[in-house]
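Engineer: Everything below, folded, please.
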Amino acid sequence: MKRVAILGSTGSVGHQALNVIRAQPASFTVVGLAAGRNLALLRDQAQEFRPEALALTHAPPPAARTDGQNGSAWADLQSCSPDGARVYAGADSLRDLTLSTKPDIVVAATTGLVGLSAILAALEAGIDVALANKESLIAASDLLFAAASRSGAAILPVDSEHSAIFQCLVGEDRSRVTRVILTASGGPFRTLPAAAMAKITPEQALAHPTWQMGPKITIDSATLMNKGMEVLEAGILFGRTLDYVDVVIHPQSIVHSLVEFSDGSVKAQLGYPDMELPIQYALGYPQRLASSFRPLDLAALGQLTFEAPDPVRFPCLSLAREAGRLGGTAPAVLCAADEVVVRWFLDGRLPFTAIATVIEAVLNEHPPQAVESVEQLLAVERWALEQSEETARRMAHRSGRMPVGAETR
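Structural biologist: Below you'll find the predicted structure:
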């Protein structure tokens with residue numbers, strides 16, 4: 001039975017990871033659950049899975065308690081923990097939970113770089129990581145792979161596309177790979193005329209045609225930024241330059257990605273769009289666990305179609321490639337800028353088309369540096385978040401969506 005810690009247990013991937021564990025009680029036990037600020041859901045999860053430790057990054061640790069609100073947050077966190085469970089809070093809580101529970105595998109399902117130090121600590125301790133956190137891999141790949149190499153820990157992809165590639169490569173000589181091909185659904189706007197893109201509403205962008213995901217990743221899918229980040233991930237995970245990573249639009253989301261070999265053969269992994277399958281594969285690796293997932297019925301599907309992405313209507317795909325080409329700290333800036341501007345769009349303060357505009361402007365302001373430490377990356381992220389907020393604010397003022405001097409949310 002594998003001991004599992006989940007960083008980001010209240011988010012979309014964390015929720016689905018718990019579904020997998022719930023369905024495989026003989027294979028996994030939960031030893032740690034960590035969330036950002038959703039204490040109510042964390043309490044429910046803790047009561048069901050009875051972990052050895054809990055963490056809440058947005059609750060202050062005891063030493064930081066200075067008022068009644070802080071004291072209440074700490075007390076609430078303690079009150080939701082099962083008897084005997086350790087409780088951690090604050091900036092170092094994810095790392096503390098990971099090291100104290102000594103799991104066999106960590107599911108890294110946080111967003112941004114908040115979980116980077118915990119992921120790095122897990123790898124340094126020889127703990128396998130099921131990685132669903134794009135930002136940490138894109139920003140700190142050299143640090144993560146160096147730690148994994150030293151300890152022998154595995155970095156196992158959880159994204160459906162990278163899981164597909166990983167599965168296609170089992171038993172293969174990677175030196176014979178000539179191309180990896182990522183599939184993208186195209187999101188809800190793949191046929192929308194370019195002239196209509198500026199009028200897209202948050203409600204429309206959140207209505208993904210095939211996948212059920214959290215709001216941030218759903219918007220990233222609609223802009224194809226998610227696919228752009230996955231291009232960078234694929235190059236990192238599978239040792240390919242970006243020239244060897246292609247993207248094809250596949251609206252049915254049945255073929256999750258493909259690998260081409262030097263003899264001309266192409267392998268693909270297929271399945272209905274369901275994140276629980278790649279999560280289960282990562283958790284169970286190197287075994288394939290039996291499950292009740294719906295078997296694929298190709299005859300019922302009828303046809304699978306493919307088309308090239310449109311870089312003009314979806315510039316975020318090219319922006320991600322450019323950040324990868326620049327290298328160093330540029331991908332960290334890309335991720336931070338995207339986080340900010342997606343929130344501004346969801347709040348109705350910027351149009352859909354401004355997402356790419358803000359990200360490009362912030363990237364242009366940043367001279368890339370070689371990545372040397374977690375502290376450096378966190379400093380770059382803070383700069384990019386602040387710069388993106390200011391750039392988005394100026395653009396919102398110009399567009400009339402936010403009057404000058406208006407309080408931002």
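
Engineer: Over to the closest residue in space to V333 that isn't next to it in sequence. Which of the three states is it?
Structural biologist: Computed as Cβ to Cβ, 6 or more residues apart in numbering, the closest residue to V333 that is not its neighbour in sequence is A384, at 4.3 Å. Every residue, glycine included, has its C-beta placed from N, CA and C. Remark: A384 carries the secondary structure label helix [criterion: DSSP: H, G, I helix; E, B strand; the rest coil].

Engineer: what sits against A384?
Structural biologist: By Cβ atoms under 8 Å, 6 or more residues apart in numbering, the contact list for A384 reads 332-333, 336-337, 362, 366.

Engineer: I'd like to know which elements the one helix or strand A130 maps to is packed against.
Structural biologist: Counting by DSSP states H and E, the element that carries A130 is strand 128-131. Packed against strand 128-131 by the contact rule (3 or more Cβ pairs under 8 Å, 6 or more residues apart in numbering; DSSP states H and E) you find strand 105-108, helix 116-124, strand 155-157, helix 276-284.

Engineer: change it to 10 Å
Structural biologist: Using 3 or more Cβ pairs under 10 Å, 6 or more residues apart in numbering; DSSP states H and E as the contact criterion, the neighbours of strand 128-131 among helices and strands are strand 2-7, strand 105-108, helix 116-124, helix 134-151, strand 155-157, helix 276-284.

Engineer: among the helices and strands of the chain, which has the poorest mean pLDDT?
Structural biologist: Here the helix or strand of the chain ranked lowest by mean pLDDT, DSSP states H and E is helix 68-79, holding a mean of 62.

Engineer: Beyond it, next helix or strand please.
Structural biologist: From helix 68-79, the next helix or strand downstream (DSSP H and E) is strand 86-89.

Engineer: Just after that next one, pick out the following helix or strand.
Structural biologist: helix 93-101.

Engineer: That following helix: how far from the chain's middle?
Structural biologist: Taking Cα atoms, centre = their mean, to the nearest Å, one finds the center of helix 93-101 at 20 Å from the center of the full chain.

Engineer: again with stretch 378-391
Structural biologist: Stretch 378-391 sits 19 Å away from the centroid of its parent chain (Cα atoms, centre = their mean).

Engineer: And for stretch 11-23?
Structural biologist: 15 Å.

Engineer: Now it: average pLDDT?
Structural biologist: Confidence for stretch 11-23, expressed as mean pLDDT, is 96.

Engineer: wait, what's in contact with S265?
Structural biologist: By Cβ atoms under 10 Å, 6 or more residues apart in numbering, the contact list for S265 reads 172, 176, 178, 259.

Engineer: Which parts of the protein are strands?
Structural biologist: Ranges of strands within the chain are 2-7, 28-35, 53-56, 86-89, 105-108, 128-131, 155-157, 177-184, 245-249, 255-261, 266-270, based on DSSP state E.
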